Every structure is written in C-alpha cells, then in structure tokens.
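Chemist: sharing a sequence plus its predicted fold:
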Amino acid sequence: MPSSLLIKMFNENPHGLSIDVKITTNASKNVIISIDDEVIKIKIHAIAEKGKANKELIEFLSTILKWSKSCFTITRGATSSHKTIFIEKMTREYLLTHLPNKF
C-alpha cells in the first residue's frame, strides 16, 4: 500500500498518534500480517486471557517501532480483537518509517 494512503489511516494530534489494529491471538509467533481496510492486522502468540494478549501486543509494537512501552495505551477494544491504540509523542512520519516495508 502506498505511503500516501497509509497517511490517512492514522489519527494524529499534538500529543501523539492513534492506530487501529485487529489482532488474532494464539498464533505461532508475533507478526504484522497486513495493513489494509484502515487497520493493521497482527498475529500475537499470547492467548486472549487476563490481558496477556494486550500486554504482548504492546511489547511487540514497542519493539517493532523502537518506542517506549509506557507511551502505548489501548483506548478502545481492550477485550475485543479490534483495538485502537494511542502512542504518545509519535508522528505519522515516524510510524511510516518504522513499519516493516513489505506492505
């Protein structure tokens, strides 16, 4: 997907950036599957129990994006596979340069 289309997918404000994700849990490994339909689709190894998948999702995104875990907040969908995550102090430009280039 061209970067110009991705720019429309993220809600940026002066405090940070919100992204929409759809996760599948209990996967063999943590991996970003695709970026389409205005969401980032991610497989997470952890099971969806007692916040384990949410914690692993934040850790995975923090590692991929090279950003502090403390800056990530799930603002919508904590118990759903569809989530909105707010990332403090992040910009679209930074996100686009740190997402895997296979999309």
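Modeler: Arrived safely. These numbers come from a predicted model, not from an experiment. Numbering: from 1, shown residues only.
Chemist: partners of whichever strand in the chain runs longest, with directions?
Modeler: With secondary structure taken from DSSP state E, the chain has its longest strand at strand 16-24. Strand 16-24 has its sheet partners listed here by DSSP bridges as strand 11-13 (antiparallel), strand 39-43 (parallel), strand 82-88 (antiparallel).
Chemist: what are the buried residues along that strand?
Modeler: Applying a neighbour-count criterion of 16 or more other C-beta atoms under 10 Å, one finds Gly16, Leu17, Ser18, Ile19, Asp20, Val21, Lys22, Ile23 buried in strand 16-24. Where you see a C-beta, it was placed from the backbone N, CA and C, and this is true even at glycine.
Chemist: in a markdown table, list those residues along with pLDDT and distance to Phe60.
Modeler: Formatted as a markdown table, these follow (pLDDT from 0 to 100; distance: C-beta to C-beta, whole Å):
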| residue | pLDDT | distance to Phe60 |
| --- | --- | --- |
| Gly16 | 97 | 18 |
| Leu17 | 95 | 17 |
| Ser18 | 95 | 18 |
| Ile19 | 94 | 13 |
| Asp20 | 94 | 16 |
| Val21 | 95 | 10 |
| Lys22 | 96 | 14 |
| Ile23 | 97 | 10 |
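Chemist: what's the closest of the residues you listed to His45?
Modeler: His45 has its nearest neighbour among these in Ile23, at 10.8 Å by C-beta to C-beta.
Chemist: bridged to Ile35, which residues?
Modeler: Going by DSSP bridges, Ile35 forms beta bridges with Ile40.
Chemist: in the chain, where's the longest helix?
Modeler: helix 52-65 (DSSP state H).
Chemist: name the helices or strands packed onto whichever helix or strand comes after that helix?
Modeler: Sequence order places strand 72-76 as the next helix or strand after helix 52-65, per DSSP states H and E. Helices and strands touching strand 72-76, by 3 or more C-beta pairs under 8 Å, 6 or more residues apart in numbering; DSSP states H and E, are helix 52-65, strand 82-88.
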